[in-house]
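>>> structure, please.
(2 chains, ligands or ions: 3)
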Amino acid sequence: MRAPEMLLALILMASVTFYVLLGGADYGGGVWDLLANGPRRQEQRELISNAITPVWEANHVWLVLVVVLLFAGFPAAFAAITTALNIPLTVLVIGIVMRGSSFVFRAYHTGDYRTHRRWGLIFAIASTVTPICLGVVVGAISSGHVLVRDGISINGFLAPWLGTFPLVVGLFALSLFVFLAAVYLTVEARERALQEDFRRKALVSGAIVAAMALGTFLAARTGAPQIYSGLLRPSLVWIVQGATALYAIAAFVALLTRKYKVARIAAMLQVGLILWGWGMSQSPFFLQGDMTVSAAAAAPPVLWALIGATAAGLLVLFPSIGYLMQLFKANNEDIPLH
Amino acid sequence: MSDIFAARSQMAMSLVFHIVFAAIGVALPLMMVIAEGLWLRTRDAAYLCVAKRWAKGTAILFAVGAVSGTVLSFELGLLWPRFMGFAGAAIGMPFSLEGFAFFTEAIFLGIYLYGWKRVSPGIHLLAGAIVAVSGVASAMFVCLANGWMNTPTGFRLVNGQLTDINVWQAMRNPAGLPEAIHMILASYCAAGFATAGVHALLALRDRSNRFHQRAIAIALLVGGSAVVAQAVSGDALARMTARNVPTKLAAMEGDFQTRSGAPLHIGGLPDVRTRETKYSIEIPDGLSLLAFHSPHATVQGLDKTPQDEWPNVLVVHIAFQIMVGLGTLLICVALVGAWLAWRNGPLIENRRFLQLLALCSPLGFVALESGWVVTEVGRQPWIIYHVMRTSAAVTTMPGLTTPLVLFTGLYLILAAIVIWLMSRHVIASPREAEIRAIAGNEVPLHARP
Ligand code: HDD
Ligand code: HEM
Ligand code: HEM
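Ligands and ions are numbered 1, 2, ... in the order given. A predicted model of the protein is given here:
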């Protein structure tokens, strides 16, 4: 590739995708903790907690990588985003702190049920609020209202994100995370009854995802007109959209026929493609309508250095993540964690 | 409260909070691995008990460190977007490499904490060692970034913009490596003395317990050797500062006058109006000797810098005195401990020494925080020394007092909960039966194929 800024933007998109597919599902698990119901409420919560405990910190680092690559490679975009979207980002960060800390605190309160539940409640609420903030930030970036000149946000500090479209994207992001978590948990569950619980939850949340996707598209008409018209023009985006729909159907069918591992792959592809479809309709802009990827990017030598460092880092990272997943996600749930 | 003051306070508060957990994240894995290695060699169950107890503490502290670190990486933008827009490309590389260090740290910590029964003892120990090395690496990278703010290199300044940025040269800035070494040693020192102190306090109540004896030995070995090395590393750092950031050195020393054969002020109160440091012990030629290793070398005083470019001299000088004073004190404690152990055997027999250790337990962290105050307040009014002023970097977002209050409240609550949890679940004397049970549980499982 000739343009290093596009290559780094692709790496950034890939990191976002990993964060959503791995870290996103950990948030979704928190929402299912909040919504745990029925006679197996306690078992559901335990399953979620055991699934998250050994991996969430590693999954969380994808977000850190996204932030550092963003300011290292696209400093102008980082400065504009953190200026205009200061408020939702602050809420996001508070959500991250509350979620992570309440989760470990809960793990150490096994004895006392009431305190345990109280931490669980904070964990669950923070797991719900944080994804909405993430979606709001993404929606705002797409809406064309993030305009910063000389460090001053032209639209102030509310208008860039406080609108229907960003909020709808926030709810869309939440629904995606919740859906992913339910699908993953059908694979993680050992007991038949628990599997059925999460199968039902996955089907319901899958339907909500479909509805939210439609809602987001409609909201884009006024909320993000450039993206909306981009989606209507015949292009590669259509193929991606078509594939997204196919994988969504595949995930549904696999859930209905109880082929949970197939459903997991289909759901991951579905959500991944939604992200890449968004990325494609967003390009060549970084901040829709205002700052292109190349305008946001640092100088080419800096970008090449970052690309090289990331490549070397990933070489170490992927085998390590593979090993972690194999230890904790490969059907040896009968071995206790402690 | 002015917005810039609120932003600076929020940054300072977040860093002061994060650094405690970060230092523990650097040092505790090393101590854990030493304990586990000794258990594998000696099969003394008390060592395994120590390793598991420290691992439990690490689990809580690491999570808080991870989330507070994430807050910081956002805060760089939320509070200083103009700094990041201006210099993100120059300091981004160490932060990106740090990201990968966090990955290995988090992944292998997961394996270490939850994999006792899933991997062989050798692999388990190796996972712990990888955590310890990644912690050191992340501390190093972040100090390389901070060093660039103190001694920026690897770019040309054209029309007020950084051009021709060379990220590798930026990482090789003069302050970076000396700071990194000093910080890594500081982490071992602070966490080592803190742990030794806590175990000493418990041992005073339960002196026959071999658990505490083992724990104190390891913690004191790590903390004590680090603090002795710290004096050498601190001297190297001070000489770097004398050459590259002379205003900061002058403020640290409360040295208002440029002269050859400059005296060293120990203690005392710098008075900016009269331009002298009162009530201090003066050692003739001391500063010239320390800073340039020659009694007649000329040391630049604050008079060479326009007064509007001075940091808060009083704060910087006092913080520096606290760091060096506590460093010297802890070196003495370490030497006394080594002598007692060599002469009389197990330190746990010595009630007085245990009391001394317990008293010293917070001092390493106090020194560490004061050292950062020296570095950061001493850099003011610059965010990037001689390139960008802090006032030019702050966000245009109004009402910054609100997030300051929010985060301060949040961190105070978190700190209270962490202390309470640690005292309930980590800081307690195990019974002899419990030590045996832990080992009994472990041996057959580890022997599994
Ligand atoms: C356990 C903590 C600890 C101890 C015992 C010491 N230090 Fe330190 N010092 C730090 C922890 C620290 C630190 C980790 O807080 C700093 C802040 C920035 C840095 O890289 O390390 C620091 C900074 C720092 C600086 C400022 C450099 C700059 O910003 O330009 C100097 C000159 C020294 N130290 C020198 C010393 C000397 C001569 C010591 C003699 C014993 C000493 N330190 C003990
Ligand atoms: C502006 C300053 C800093 C920033 C932006 C920052 C950023 C971060 C981030 C994002 C994390 C989370 C990683 C994870 O998810 O595991 C983290 C954790 C950590 N940071 Fe910092 N950090 C800063 C200062 C420091 C300093 C000075 C050190 C030096 C020791 C340090 C050492 C660590 C370590 C060891 C961790 C791992 C978590 C732990 O063990 O507590 N950080 N930091
Ligand atoms: C972790 C230990 C650290 C502590 C306790 C610490 C402490 C402080 C303090 C007290 C201030 C306020 C200074 C003032 O306004 O008078 C400050 C500011 C700041 N620090 Fe640090 N610092 C640490 C490490 C770092 C690192 C590793 C970085 C970056 C790589 C960093 C970046 C900044 C920035 C950007 C500011 C705000 C701008 C400024 O005041 O110059 N700090 N820090």
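>>> just give me the neighbour total for the closest residue to ligand 2 within the stretch 301-449 of chain B.
Across the stretch 301-449 of chain B, no residue is closer to ligand 2 than residue B:372, which sits at 7.7 Å (Cβ to the nearest ligand atom). Bear in mind the C-beta positions are built from the backbone N, C-alpha and C, glycine included. Using other Cβ atoms under 10 Å in any protein chain shown, the number of residues around residue B:372 comes to 19.
>>> next up, the contacts around it.
With contacts taken as Cβ atoms under 8 Å, 6 or more residues apart in numbering or on different chains, residue B:372 has the following neighbours: B:15, B:16, B:19.
>>> secondary structure element holding the last one?
With elements taken from DSSP states H and E, the one containing residue B:19 is helix B:3-42.
>>> what residues does the stretch 251-400 of chain B put near chain A?
Contact residues (Cβ under 8 Å from any Cβ of the partner chain) of the stretch 251-400 of chain B with chain A: B:395, B:396, B:397, B:398.
>>> list only buried entries from the residues you listed.
The neighbour count (16 or more other Cβ atoms under 10 Å in any protein chain shown) marks B:395, B:396, B:397 as buried among these.
>>> and the first one, helix, strand or coil?
With DSSP: H, G, I helix; E, B strand; the rest coil as the basis, the three-state label of residue B:395 is coil.
>>> about what we covered before: intersect the residues of the stretch 251-400 of chain B next to chain A with the contacts of ligand 2.
When those are checked against ligand 2 using Cβ under 6 Å from any ligand atom, none falls in range.
>>> before we move on, the earlier item: how far out from the middle of the chain is the helix or strand just after the helix holding residue B:19?
Scanning forward in sequence from helix B:3-42, with DSSP H and E defining helices and strands, the next element found is helix B:45-79. For helix B:45-79, the distance from its own C-alpha centre to the chain's C-alpha centre is 14 Å (Cα atoms, centre = their mean, to the nearest Å).
>>> same check, this time on stretch B:206-213
29 Å.
>>> what about that stretch, average pLDDT?
Averaged across stretch B:206-213, the pLDDT comes to 79.
>>> same check, this time on stretch B:185-198
Confidence over stretch B:185-198, taken as the mean pLDDT, stands at 96.
>>> would you map the strands across the stretch 101-250 of chain A?
Taking DSSP state E, counting those that start in this stretch to define them, one finds strands in the stretch 101-250 of chain A at A:148-149, A:152-153.
>>> so what does the last one touch, helix or strand wise?
Using 3 or more Cβ pairs under 8 Å, 6 or more residues apart in numbering or on different chains; DSSP states H and E as the contact criterion, the secondary-structure elements in contact with strand A:152-153 are helix A:75-84.
>>> quick check, the residue in the stretch 51-200 of chain A closest to ligand 2?
Per Cβ to the nearest ligand atom, residue A:64 is where the stretch 51-200 of chain A lies closest to ligand 2, at 4.3 Å.
>>> what helix or strand does the residue of the stretch 301-449 of chain B closest to ligand 2 sit in?
For residue B:372, the element it lies in under DSSP H and E is helix B:363-379.
>>> what sits against the residue of the stretch 151-300 of chain B found nearest chain A?
Using Cβ to the nearest Cβ, the single residue of the stretch 151-300 of chain B nearest to chain A is residue B:167, 4.8 Å away. If a contact means Cβ under 8 Å, 6+ apart, then residue B:167 has A:301, A:302, A:305, A:306, B:89, B:90, B:92, B:93, B:154 as its contacts.
>>> need the buried ones from these selected in PyMOL.
To isolate the buried members of those in PyMOL, using 16+ other Cβ under 10 Å:
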select buried, (chain A and resi 302+305+306) or (chain B and resi 89+90+92+93+154)
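>>> give me the subset of the contacts of residue B:167 touching ligand 1.
Of the entries in those, none also sits close to ligand 1 under the rule Cβ under 6 Å from any ligand atom.
>>> distance to residue A:141, pLDDT and secondary structure added to the contacts of residue B:167, as a markdown table?
Formatted as a markdown table, the contacts of residue B:167 follow (distance: Cβ to Cβ, whole Å; pLDDT from 0 to 100; DSSP: H, G, I helix; E, B strand; the rest coil):
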| residue | distance to residue A:141 | pLDDT | secondary structure |
| --- | --- | --- | --- |
| A:301 | 27 | 90 | helix |
| A:302 | 22 | 92 | helix |
| A:305 | 26 | 92 | helix |
| A:306 | 21 | 94 | helix |
| B:89 | 20 | 92 | helix |
| B:90 | 24 | 93 | helix |
| B:92 | 20 | 92 | helix |
| B:93 | 25 | 94 | helix |
| B:154 | 31 | 91 | coil |
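>>> circling back: next SSE after the helix holding residue B:372?
The helix or strand immediately downstream of helix B:363-379 is strand B:382-384, counting by DSSP H and E.
>>> close to ligand 1, is that next one?
No - using Cβ under 6 Å from any ligand atom, strand B:382-384 stays clear of ligand 1, coming no nearer than 12.2 Å.
>>> who does the helix or strand that comes right after that strand pair up with?
Towards the C-terminus, the helix or strand next in line after strand B:382-384, according to DSSP H and E, is strand B:388-389. Strands that pair with strand B:388-389, judged by DSSP bridges, come out as strand B:382-384 (antiparallel).
>>> would you tell me whether the partner strand gets close to ligand 2?
No - where contact is defined by Cβ under 6 Å from any ligand atom, no part of strand B:382-384 touches ligand 2; the two come within 11.8 Å at best.
>>> filter the contacts of residue B:372 to the buried ones?
B:15, B:19.
>>> can you give me the angle the helix holding residue B:372 makes with helix B:3-42?
Per axes from the mean of the first three to the mean of the last three Cα atoms, to 10 degrees, the angle that helix B:363-379 makes with helix B:3-42 is 140 degrees.
>>> quick check: buried residues in helix B:363-379?
Burial within helix B:363-379, assessed by neighbour count using 16+ other Cβ under 10 Å, is assigned to B:363-365, B:367-379.
>>> what distance separates that helix from the centre of its chain?
Shown here is helix B:363-379, whose average C-alpha point lies 9 Å from the average C-alpha point of the whole chain (Cα atoms, centre = their mean).
>>> check stretch A:11-26 too.
That offset, for stretch A:11-26, works out to 6 Å (Cα atoms, centre = their mean).
>>> what's in contact with it?
Residues external to stretch A:11-26 that are found in contact with it (Cβ under 8 Å, 6+ apart): A:52, A:55-56, A:59-60, A:62-63, A:65-66, A:69-70, A:73-74, A:127, A:131, A:173, A:176-177, A:180-181, A:184, A:268, A:271-272, A:275-276, A:279, A:307, A:310.
>>> do that stretch and ligand 2 meet?
No - taking Cβ under 6 Å from any ligand atom as the criterion, stretch A:11-26 and ligand 2 are apart, separated by no less than 10.4 Å.
>>> quick one: mean pLDDT over that stretch.
Taken as a whole, stretch A:11-26 has a mean pLDDT of 92.
>>> end-to-end on it?
Taking Cα to Cα, to the nearest Å, stretch A:11-26 runs 22 Å from one end to the other.
>>> with stretch A:33-44 instead?
Length of stretch A:33-44, first residue to last, Cα to Cα: 7 Å.
>>> any part of the helix or strand where residue A:322 lies near ligand 2?
Here residue A:322, judged by DSSP H and E, is contained in helix A:300-329. No - among the residues of helix A:300-329, none lie within reach of ligand 2 under Cβ under 6 Å from any ligand atom; the closest is 13.2 Å away.
>>> show me what that helix packs onto, helices and strands only.
With 3+ Cβ pairs under 8 Å, 6+ apart as the test, helix A:300-329 has helix A:4-18, helix A:56-73, helix B:81-114, helix B:167-171 packed against it.
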